[in-house]
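Enquirer: sequence? don't have it. structure:
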């Protein structure tokens, strides 16, 4: 199911950009745009959208005040020309903070986080007993459906432009996300980025040297800048180094 979204900005050109970007992302259903913040507040209270793209500096009431009045069920992504409000934005539980002009990739990355959170909420509401299992899993969109993957099944994750391939022992899943967005929902104690195009599961490492890592018969390159942190994280695990 798509994200029910609205955009609020007193600048019509900014609204047109958000509308154009939204049309390029399948999970975004941008139902209305508002250049009047008070009208937007009436809509939010009545229709309870999943996500609001929200400017900060607006007449009558600013975006921070609006976000402070929005209930938890509605997520907020700020879209503003001002960097200096970022700390205040996260104080009102903003999901993300996009500084104008932002590109399609940055917009897409922010929306992916919202989509992931909505899926998680739906799973928990459907079956509260899955809460503990959810903490050890992620949900991805692949093969035209939502798929729940146990973290313990993931071997490594490979970047392909705006897609990622998630490798498990039995299957490889291709999902419309980027490496950065998916890394934010992974347990940092278990997963590590070792290359600009790869994230690995640390417990799955069989052996490694200074240039590559072996996992389940697959060789993954390791970037020189990532090597010191990888060695630090892997040293206490039952993994051996080869020359």
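Expert: The structure has been received and is ready for your questions. Keep in mind that this is a model prediction, so the values were computed, not measured.

Enquirer: now do the buried residues in the helix or strand hosting residue 90.
Expert: Residue 90 is part of helix 86-91 when elements are defined by DSSP states H and E. Neighbour-count burial for helix 86-91, counted by 16 or more other CB atoms under 10 Å, picks out 88-89. For every residue, glycine as well, the C-beta is placed using N, CA and C.

Enquirer: and the contacts of it?
Expert: 56, 64, 67, 78, 97 (CB atoms under 8 Å, 6 or more residues apart in numbering).

Enquirer: equivalent analysis for stretch 139-154, please.
Expert: 27, 115-116, 119-120, 123, 133-134, 136-138, 166-170, 173-177, 182, 186-187, 190-191, 201, 203-204.

Enquirer: one more time with 7 Å
Expert: Residues outside stretch 139-154 that contact it (CB atoms under 7 Å, 6 or more residues apart in numbering): 116, 119-120, 123, 136-138, 166, 168, 173-176, 187, 190, 201.

Enquirer: ok, now stretch 23-33?
Expert: Counting by CB under 7 Å, 6+ apart, 2-7, 15, 19, 22, 43, 104, 108, 111, 115 sit against stretch 23-33.

Enquirer: chain center to it, what's the gap?
Expert: 17 Å (CA atoms, centre = their mean, to the nearest Å).

Enquirer: which parts of it are buried?
Expert: Counting neighbours by 16+ other CB under 10 Å, stretch 23-33 gives 25, 27-30, 33 as buried.

Enquirer: repeat for stretch 177-188
Expert: For stretch 177-188, by 16+ other CB under 10 Å, it's 177-179, 181-183, 185-186.

Enquirer: pLDDT averaged over that stretch - what is it?
Expert: Taken as a whole, stretch 177-188 has a mean pLDDT of 81.

Enquirer: next structured bit after the lowest-mean-pLDDT helix or strand in the chain?
Expert: The weakest-scoring helix or strand in the chain, judged by mean pLDDT, DSSP states H and E, is helix 131-134 (a mean of 46). On the C-terminal side of helix 131-134, the nearest following helix or strand under DSSP H and E is strand 137-142.
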